[in-house]
Structures are given as structure tokens and as C-alpha cells.
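Engineer: just to be clear, the model below is a prediction. Sequence and coordinates:
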Amino acid sequence: MKSGKFWAWVVFALGAAYFFIPLIATVEFSMRMRRGAYSFDAYQIVLGDPRFQATFGYSVLAAVFTIILGVLIVVPAAYWIRLRLPHLRPIVEFITLLPLVIPAIVIVFGYIRMYGSNSPLPFLATDMGTNALLVIGYAMLALPYMYRAVDTGLRTIDVRTLTEAAQILGAGWGTIIGRVILPNVLIAVLSGAFLTFAIVIGEFTMASLLNRPAFGPYLQNVGANRAYEPAALAIIAFAITWGCMSLIQILSRFAPRSANRPN
Amino acid sequence: MAEPFLSIQHVRKSFGATTVVEDFNLDVEPGEFVSFLGPSGCGKTTVLRMVAGFEEPSAGKIVVAGKDITRLKPNQRNVGMVFQAYALFPNLTVAQNIGFGLKVAGMPRADIDARVAEMLDIIKLPQMADRYPYQLSGGQQQRIALARAIAPKPKLLLLDEPLSALDAKVRVSLREEIRSIQKKLGITTIFVTHDQEEALSISDRIAVMYGGKAEQVGTPFEIYNRPATKFVANFVGTLNVLEGKVTDAAAGTVQVNTQEVSLKGKLNGSKSGDMLSLALRPEAISLGRQPGRDSSLSGEISEVHFLGSVIRVRVGIGGHTVSLDTFNSPATPPPAVGEKAEISFSSSDMLVLH
Ligand SMILES: Nc1ncnc2c1ncn2[C@@H]1O[C@H](COP(=O)(O)OP(=O)(O)O)[C@@H](O)[C@H]1O
Ligand SMILES: [Mg+2]
């Protein structure tokens, strides 16, 4: 018992060290720009860089559109599959996992071939079209996370009985989704949204190959050409991601509790 | 019979190749409380869901107040339903749950509030309006579900095993409450259950279902005392079944394990030599000879269960065991296992099962 606890702590300490030492080292390095003293100079330079502001703004906007597109596709699909097509769930789960298996570079080359300016669907002929294609691609990259988050949310409620209870009280589909289903999976939808945000902010391959002014390619560019700034950027990106994760944690406390407990 | 309010006519339902409900017929009078009673899987829920509109009958029609509703969507039927799994909306308060149907129907806010308050009074939970479902016990949740179902004044109330998730005490008190609310509002109700005691105690009539058909429809008294089929006799109440052989059809004598009993006028055209299933309710049998009981059989006490006010005794008669109940009496100790015993009954209480 005692030694079991001891070894548990050792393993925990090793894990924590593996995680925190590089992080601390990066923080330390990012603050050494001014010779002989710690400073936030690297952060000032990075945050003051107009290209940082432009690319970060671009990626935030792309993330917002990606989240909207993802919610519009995933919520009704996951709801309908749980309600009417439960036998299709394994197939749909498999499809939503594909983006994890197929490298983004393969997908983006596929896009370039499919949607080039001479194709019947010339997304790449205009800037706006290319932006739209990027958002569509991002929505697909985020699909595994978004689908799983929403599906998990739907699992905590009895979708079929709640739907039928609302129907027999006279509700149509709009009322059912708007007043019954969405409010009960809102927290799950938000956690899917934050995961999507974290993915889109750091994405490099698609943005780079579609030649979009996004944050990922900017990170890469700075990383290749500067010394201290990449470390500062890495810490900033890390803070954003962790901010998203903590928001998920905080929000999940407010999830409506399941009412299905006997007596 | 008055004009039926709900009429289920020759309804059939198949899922793919399997037929789950076959030629189901039932007329329900206005204000009547009818139970569907049967074992799990016999199609009770399926019939109820067809009345609610969640399933479309493969054949037949359903008429409510003279109007054919067979193809109407559930949200066009004005029917109230209570589900087995409470099915309250977890994101809404009790008051919002009860008012849901009224709001969907576009009732003004003030009217909704008044009606919700009235409903909370009827179910005796007036202080619960602002609670959320997870803060309520199962029994309270099911009462809210009932209030939500009846708030929009539906034409029909459907309850699908509403008590089966509750513990025994709550189950008994809530079923009585459901019945008294139903009587007060005069709402035509169908109540699904697999619990025969529940069905017998609160129904105007019971439809006993088996294999997708209504085996018998009748009052609790008829169902219990004059079961139409072997299945009904066995499913409702405890039954002692004895095999007998007709020895003289004209005289009505039947031989049960070398002993003769007379069942004049109950043989329904059986011929001498036919085998019959004879059944007796435990309360129709006495231990020892009793005045007014014209038949008797002898055997040996095989089990004695002291249940408090009642003592359940099993008596072996040849290859059969007969269960009977006697009242506890402080002056006489119960019989002992292994004693010889005689049971008596009146032949008119004997059910001949075909
Ligand atoms: N949607 C369905 N698809 C296929 N079979 C079904 C479906 N719904 C019910 N059944 C079958 O119909 C039979 C009767 O079900 P049900 O009406 O729920 O019985 P009960 O409520 O009496 O327990 C069961 O054998 C069940 O498996
Ligand atoms: Mg059922």
C-alpha cells in the first residue's frame, strides 16, 4: 500500500517533469533576449508585429466560421443518427475519424486538383473561394472532435424519449431542436467549438499550401528566421490552447444534470 | 354501449417480416380508464404508440371522437402521454415543463401561469414550480410528467408503464393518485402495465394482451373470475391447475388423480375420455371440509408459508400441488408439513380451461 503510493508519485513526478521541463525551458529562453537580464522584449516584438496581428486575426475569423459550419453540419447529423438511424452510427463514427488518418497534405492536394480554376467548381479561382475552401477543410479536420463532443452530449440525454415527449405536446422540429435538444447539448457543442478553435489557430499545412495569410504559416516563418521570438510565440500559442481547454472545464460544470435517476 | 370515444379497429403492425400486433380491436367509452395488461414483449407499447402516432399501423384504423386519426402526426393529435422513463426536459424548470405544451400552442403567458399553478395543485406539489427535474424524486418527476401531459387538456391520456421505475410504496400511492385525478378530470385514459395487481386495482376495464392480440377485454371482476382463455387465467392472479379426465360426460363427473369430482354443466361439450385443465383460485379452496363446499380432494401438506395475516399452504394431490390461503388465527397453529389433509371447494368456482 505505502510503496504503491510511493511509486505512483514517482510516475507522476516523471510525467510532470516530461511535460513541464521543456515548457519552463522555453519560457526561460523566451525571456533572455536582453543580454544579462530577463525581459519580455521578445513578447513585445511579437505582439507588436503587424503580421502577427493580421495573421492571428485571420485565423480567429477562420476559426469562427469553421465553428459555425461545424455546428450546422454536426448537430443535426448527430441528432438524426441517434434518433432515426442508430444502425449507421458505427459507419458515421468511422467517417468522422478519417481526417485523423488521412494526412492534411493529401487532402489539400486533392482539393487543389478538384477545385482548381479550370474545374467545374473553381473555388481556387478567387480569394474568397479559397478562404471558403480553407474553412471547409478546417471543418473537416475538426470533425472527429466536434462529432465526438456533440455525440457525447447527446448520450447524456434520452434523445428519443425527449423528442417524443416534445412531439406529443405539439412541438415541431424547430421547437424540438431549439428548445429541447440544443439547450441540453450546448456545453458539449461549446467544448467542440473550443477544440476546433485550438486546431484552427495552429494549423499549418492547409493554410500554407492554399497560400492563406494564417497564423500557422506565420509561426513557421518566424520560427525559421528568428531566435527568441519563436519561443515567445510558442508560449503564446500554448496559453491560447490552454485557455480554451480551461474554458471547456469551467463550462462543463454548468451542464444540465441528467434527470434520469430512479427515485 | 354508448358511442365509443376511441375506437381501435383491426389494427395490425409489422416490423419487417415480424408481426408484432395482429388484428387488435378495442372500443373505449368517454371517460373510461382501460388498462393494457400483458407480459413484456406482447405489443402493449406498440399499440399505445400507434394511438399516439409514433408508429403507423400496417393495417386498420384508429378513430377518436368520430375522426379518423390513423395518419395524423403525433403533434397534431392532441393526446397526452406519460413515459416510463420520466422524460422531463432537464433544462427546464418544473413550471416550464408543465407549461411546455401550452407555450407550443401559443397560449398567452398569464393563462399559462394560471394553468400551471392549477396543475401543481392537482398533483399536490405547489411549492415545486422553480425546481429542476434532477432535484426531484422519481415519484415527483412522474407526477410532473402527468401534469405536463394533462395541462393542454388532451382528448386522450396514454400512460406507458409510468410506475415501473418507482419503488413499491410510491407505486401504490401514485397509481391511486393517477386514478383519482383521471376520475376528477373525466379524461379517457389508456394505461399500460405488466403488473396484474396494478391493472386490477385501478381500471374500469382491462384488455389482457398476449402475442399481439387482445385475449380478453372486460372488467377486472370478469377478467379475474371468468377468464376466457388459459393464458388469461394463468396470467391474472394465482391459479391452481389440475389435470382431469372426463369419466361420464352426461353426469359431469371428472376424475382427478383417482378421485372423482362433479362438474355438472361446466364441461362445455367435452366427451367422456377427454382430458381437461381445471383451475381454482387459492381463495376458493378451504382446508378441511367446510359447509357450503360441495367437492373435496385429499392429499398431503407439502409446504407452509407463514405470511402474517395469511398463511399460504401447499397441498400435494397426486402429481399436482394446490396452493391455498387461510387466515392466521392465534388460537390454532398452522398445519405441519407431511400431515394428511383434505381440501374442499365448490364446483361452481372451478374454472374449466379450454
Ligand atoms: N421498432 C421496432 N422494430 C422492431 N421490432 C420492434 C420495434 N418495436 C417493438 N418491436 C418488437 O415488438 C414486440 C412488442 O414490443 P412492445 O410493444 O414494446 O411490447 P411491450 O410493451 O408489451 O413489452 C417486441 O418483440 C419488440 O421486440
Ligand atoms: Mg412496453
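Structural biologist: That came in fine, so what should we check first? If you're wondering where the values come from, they're calculated on a predicted model, not measured in any experiment. Ligands and ions are numbered 1, 2, ... in the order given.
Engineer: helices of chain A, residue ranges please.
Structural biologist: A:2-30, A:41-48, A:50-83, A:89-101, A:104-114, A:127-141, A:143-155, A:159-168, A:173-175, A:182-202, A:205-209, A:215-225, A:229-252 (DSSP state H).
Engineer: can you list those in CSV and add mean neighbour count, distance to residue B:198 and mean pLDDT?
Structural biologist: Quick note: C-beta positions are derived from backbone N, CA and C, even for glycine. CSV is the format used below for these (neighbours: other Cβ atoms under 10 Å in any protein chain shown; distance: least, Cβ to Cβ, whole Å; pLDDT from 0 to 100):
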stretch, mean neighbour count, distance to residue B:198, mean pLDDT
helix A:2-30, 11, 52, 90
helix A:41-48, 16, 71, 86
helix A:50-83, 18, 31, 91
helix A:89-101, 13, 36, 91
helix A:104-114, 15, 59, 88
helix A:127-141, 19, 52, 91
helix A:143-155, 21, 32, 91
helix A:159-168, 22, 21, 93
helix A:173-175, 13, 34, 90
helix A:182-202, 22, 32, 87
helix A:205-209, 20, 62, 89
helix A:215-225, 17, 65, 86
helix A:229-252, 16, 40, 83
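Engineer: ligand 1: which of these is closest?
Structural biologist: With Cβ to the nearest ligand atom as the criterion, ligand 1 lies closest to helix A:159-168 of these, at 10.6 Å.
Engineer: any part of the closest one near chain B?
Structural biologist: Yes: using Cβ under 8 Å from any Cβ of the partner chain, helix A:159-168 reaches chain B at A:161-162, A:164-168.
Engineer: ranges for the helices of chain B?
Structural biologist: B:44-52, B:94-104, B:109-122, B:138-150, B:168-185, B:196-202, B:220-225, B:230-235.
Engineer: what's the angle between the second one and helix A:159-168?
Structural biologist: The directions of helix B:94-104 and helix A:159-168 differ by 50 degrees, with axes from the mean of the first three to the mean of the last three Cα atoms, to 10 degrees as the criterion.
Engineer: elements contacting helix B:94-104?
Structural biologist: With contacts defined as 3 or more Cβ pairs under 8 Å, 6 or more residues apart in numbering or on different chains; DSSP states H and E, the packing partners of helix B:94-104 are helix B:109-122, helix B:138-150.
Engineer: who's in contact with the nearest residue to residue B:287 once chain neighbours are set aside?
Structural biologist: Once flanking residues are discounted, residue B:287 sits nearest to residue B:326: 5.7 Å by Cβ to Cβ, 6 or more residues apart in numbering or on different chains. The contact partners of residue B:326, by Cβ atoms under 8 Å, 6 or more residues apart in numbering or on different chains, come to B:286-287, B:310-311, B:313, B:334.
Engineer: beta partners of residue B:326?
Structural biologist: residue B:311 (DSSP bridges).
Engineer: would you check how far apart it and chain A are?
Structural biologist: Using Cβ to the nearest Cβ, to the nearest Å, residue B:326 is found at 36 Å from chain A.
Engineer: so for that residue, what's the pLDDT?
Structural biologist: With respect to pLDDT, residue B:326 scores 86.
Engineer: now residue B:17
Structural biologist: At residue B:17, pLDDT is 90.
Engineer: how about residue B:352?
Structural biologist: 81.
Engineer: so what touches stretch A:48-61?
Structural biologist: So stretch A:48-61 is contacted by A:46, A:200-201, A:203, A:207, A:212-218, A:233 (Cβ under 8 Å, 6+ apart).
Engineer: one more time with 7 Å
Structural biologist: For stretch A:48-61, the external contacting residues (Cβ atoms under 7 Å, 6 or more residues apart in numbering or on different chains) are A:46, A:200-201, A:213-215, A:218.
Engineer: show me the contacts for the most centrally placed residue in chain B.
Structural biologist: Centroid-nearest residue in chain B: residue B:199, 2.8 Å away (criterion: Cα atoms, centre = their mean). By Cβ under 7 Å, 6+ apart, residue B:199 lies in contact with B:35, B:37, B:193, B:206.
Engineer: returning to that earlier point: do you know which of the helices of chain A lies nearest residue A:120?
Structural biologist: helix A:104-114 (9.3 Å; Cβ to Cβ).
Engineer: report the angle between that closest one and helix A:127-141.
Structural biologist: 140 degrees.
Engineer: okay, helix A:104-114 in PDB with CA atoms only?
Structural biologist: Taking Å, rounded to 0.1, in the frame of the first residue of the first chain, the C-alpha atoms of helix A:104-114 are listed here in PDB:
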ATOM      1  CA  ALA A 104      -3.900  17.000 -44.300                       C
ATOM      2  CA  ILE A 105      -1.400  17.300 -47.100                       C
ATOM      3  CA  VAL A 106      -3.100  14.600 -49.100                       C
ATOM      4  CA  ILE A 107      -6.500  16.300 -48.600                       C
ATOM      5  CA  VAL A 108      -5.200  19.600 -49.700                       C
ATOM      6  CA  PHE A 109      -3.600  18.200 -52.800                       C
ATOM      7  CA  GLY A 110      -6.900  16.600 -53.500                       C
ATOM      8  CA  TYR A 111      -8.600  20.000 -53.100                       C
ATOM      9  CA  ILE A 112      -6.200  21.700 -55.400                       C
ATOM     10  CA  ARG A 113      -6.800  19.100 -58.100                       C
ATOM     11  CA  MET A 114     -10.600  19.100 -57.600                       C
END
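Engineer: need the contact partners of it.
Structural biologist: A:124, A:133, A:137, A:141, A:205-206, A:209-210.
Engineer: before we move on, what about stretch A:85-96?
Structural biologist: A:81, A:143-144, A:147.
Engineer: now do stretch B:252-270
Structural biologist: B:242, B:244-247, B:249, B:276, B:278, B:295, B:297-298, B:317-320, B:347, B:350, B:352, B:354.
Engineer: which of those are buried?
Structural biologist: B:242, B:244, B:246, B:276, B:278, B:295, B:297, B:317, B:320, B:347, B:350 (16 or more other Cβ atoms under 10 Å in any protein chain shown).
Engineer: now distance to residue A:185 too, for the residues you listed, in TSV please.
Structural biologist: What follows is the buried ones among the contacts of stretch B:252-270, written out as TSV (distance: Cβ to Cβ, whole Å):
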residue	distance to residue A:185
B:242	60
B:244	63
B:246	67
B:276	61
B:278	60
B:295	67
B:297	66
B:317	63
B:320	59
B:347	66
B:350	61
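Engineer: tell me which two in those are the farthest apart.
Structural biologist: B:246 and B:317 (18.0 Å).
Engineer: list the contacts of residue B:143.
Structural biologist: Residue B:143 touches B:123, B:125, counting by Cβ under 7 Å, 6+ apart.
Engineer: near chain A, which residues of the stretch 101-250 of chain B show up?
Structural biologist: Selection of the stretch 101-250 of chain B residues close to chain A by Cβ under 7 Å from any Cβ of the partner chain yields B:101, B:104-105, B:133-134, B:137-138, B:141, B:152, B:165-167.
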